[in-house]
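Peer 1: show me the folded form of this:
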Amino acid sequence: QVQLVESGGGLVQGGGSLRLSCAASGRTFSSYAMGWFRQAPGKEREFVAAISRSGGSPYYADSVKGRFTISRDNAKNIVWLQMNSLKPEDTAVYYCAASTLNAAMIKSSTSNVGSWGQGTQVTVSS
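Peer 2: Presented below is the predicted three-dimensional model:
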């Protein structure tokens, strides 16, 4: 099982940008599809973005499409989430996710995620 550690969260004004990082342990990082989810207070955890093992075929939630970009570097065991044009409604704890299934399966259900990070808080002020 891969271990995931997120970083890069913080407080930002609306319209600003943040880049989240997720560092993975182990030598089999390239065998996992990776994704990002978020959970706001009082709400269920929701899908944000996912990327295939090779780094292609990204998927995005409609709410972030055109503003967020997911990418990965298999040589460094890292996946990033670049977040631009941030809005107050993007405020949440963001979780990194790994799955032995494909990226489309990550998008379809949290039950398809095998490993979670501890989460990093993103707060967007208005």
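Peer 1: spatially central residue for the protein, please.
Peer 2: Computing the C-alpha centroid of the chain and ranking residues by Cα atoms, centre = their mean puts Trp36 first, at 2.0 Å.
Peer 1: and the gap between that one and Asn77?
Peer 2: The gap separating Trp36 from Asn77 is 16 Å, by Cβ to Cβ, to the nearest Å. Any C-beta I mention is one placed from the backbone N, CA and C, and that applies to glycine too.
Peer 1: what's downstream of the helix or strand of the chain with the lowest mean pLDDT, the next helix or strand?
Peer 2: The least trusted helix or strand in the chain, going by mean pLDDT, DSSP states H and E, turns out to be helix 103-108, with a mean of 93. On the C-terminal side of helix 103-108, the closest following helix or strand by DSSP states H and E is strand 115-116.
Peer 1: neighbouring strands - and their directions - for that following strand?
Peer 2: strand 92-99 (antiparallel) (DSSP bridges).
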